[in-house]
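Undergrad: okay, sequence plus prediction incoming.
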Amino acid sequence: MAELKMRVALGQFNELTDDMLTYVKQLGADDFLMNTPRLPGDHRWEYEDLKAMVDQSTARGLRLMALENVPVHYYEKAMLGLPGRDEQIEHMCATIRNMGKAGIPILGYHWMPNKVWRTPDPAVLRGGARGTRFNLDEHDLNELTQEREYDAEEMWDNYTYYLERILPVAEEAGVTLALHPDDPPVETLGGVARIFRNFDCFKRAMDTFDSPNHGLDFCMGCWSEMGPDGVIPAIRHFGERGKLVYIHMRDVQGQVPCFNECFIDEGNLNVFEVVQALKEVNFTGFIIDDHVPHMIGDTPWGHRGRAYAIGYIRALIDVAEKM
């Protein structure tokens, strides 16, 4: 594949339909990713199913650039260091090999066995639009989501065990692993430590597993949740080292322990400065829409909210490229 430039792409859908592919094209994108695609298989994804998605995309003039997240139960035992983790890791290795054979170059992943957390009842944004929110004070910090508590070093040891086994397979298969931040990026939730919640955590991961096939799914929204002053320094540090694989472009108002998601143009960050920084570090990956506010008359997936975000991102890229 010829070297590509920084560009917009679509993300966050899990079914490949003709309507979705048409929508991607109508918004002017050539690339997209799928988030936890609904594919057969209780333990792994098979080559035939992955290749069918690639062929369907190619026939429409589109590139399926990444799969983001396998089902949590595919590697939950690996994250928690439970009996059966080696079998799960073998299945993950098979999935990665099948992705490489099918021509899907990126696998986004996270290290959250108890998933993304949000607080009930969305925030009300401009014009009555709705955005998700999180307030740590409204959650029971003593409630466990697993059988026991897991501290940070145990979660790190499990992460190291996992990466030591799957990263060499990714290198052989030509697949790049892209690490997503914890969301929300707090110290612990449900008794499970969150080990990818600040700059030092990611530096440790990238320094420990320094490979051309390992980098960041840089979620701007999660980094904004950590504290907006750290976003551009992180882009510069990891971008200059070639560790930015692709970008989630969303923003929030506030930061941990209390924030809400919002429209891309009303959050903590100057998003044009973010795109400028990406250009300055020679980022050549893609930028996707992420969680978007729910607008009037919108679909559950958020077609209207995503169209607004994608148009905004396209304009930011166009202006940055012309400066």
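TA: Right, received. Where do you want to start?
Undergrad: show the pLDDT at residue 220.
TA: If you check residue 220, the pLDDT there is 98.
Undergrad: with residue 2 instead?
TA: pLDDT at residue 2 comes out at 56.
Undergrad: cool, residue 9 as well?
TA: On the pLDDT scale, residue 9 gets 98.
Undergrad: residue contacts, it?
TA: Shown in contact with residue 9 (CB atoms under 8 Å, 6 or more residues apart in numbering): 29-33, 65, 246, 286-288. Every residue, glycine included, has its C-beta placed from N, CA and C.
Undergrad: residue 118 now?
TA: Counting by CB under 8 Å, 6+ apart, residue 118 has contacts 132-134.
Undergrad: then residue 282?
TA: Neighbouring residues of residue 282 by CB under 8 Å, 6+ apart: residue 239.
Undergrad: which residues touch stretch 147-165?
TA: Residues outside stretch 147-165 that contact it (CB under 8 Å, 6+ apart) are 75, 78-81, 85, 89, 93, 111, 177, 187-188, 191-193, 195, 204-205, 208-209, 214.
Undergrad: one more: stretch 253-268?
TA: 122-123, 125-126, 129, 131-137, 184-186, 221, 224-228, 249-252, 271, 291-293, 308-309, 312-313.
Undergrad: buried residues in that stretch, which are they?
TA: The neighbour-count check on stretch 253-268 (16 or more other CB atoms under 10 Å) flags 253-256, 258-264, 267-268 as buried.
Undergrad: and it, how far apart are its ends?
TA: For stretch 253-268, the first-to-last residue distance is 5 Å (CA to CA, to the nearest Å).
Undergrad: if we can go back for a sec, mind putting the buried residues of stretch 253-268 in CSV, secondary structure included?
TA: As requested, the buried residues of stretch 253-268 are exported to CSV (DSSP: H, G, I helix; E, B strand; the rest coil):
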residue, secondary structure
253, strand
254, strand
255, strand
256, coil
258, strand
259, strand
260, strand
261, strand
262, strand
263, coil
264, coil
267, coil
268, coil
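Undergrad: out of those, the closest to residue 317 would be?
TA: Comparing the buried residues of stretch 253-268 against residue 317 with CB to CB places residue 264 closest, at 12.9 Å.
Undergrad: that closest one and residue 165: what is the separation?
TA: Using CB to CB, to the nearest Å, we find residue 264 at a distance of 38 Å from residue 165.
Undergrad: what's the pLDDT at residue 98?
TA: pLDDT, read off for residue 98, is 98.
Undergrad: for the protein, longest helix please?
TA: helix 152-173 (DSSP state H).
Undergrad: in its sheet, what does the helix or strand following it sit against?
TA: Per DSSP states H and E, helix 152-173 leads on to strand 176-179 as the next helix or strand towards the C-terminus. Taking DSSP bridges as the criterion, strand 176-179 sits next to strand 106-109 (parallel), strand 214-219 (parallel) in its sheet.
Undergrad: thanks again, I'm all set now.
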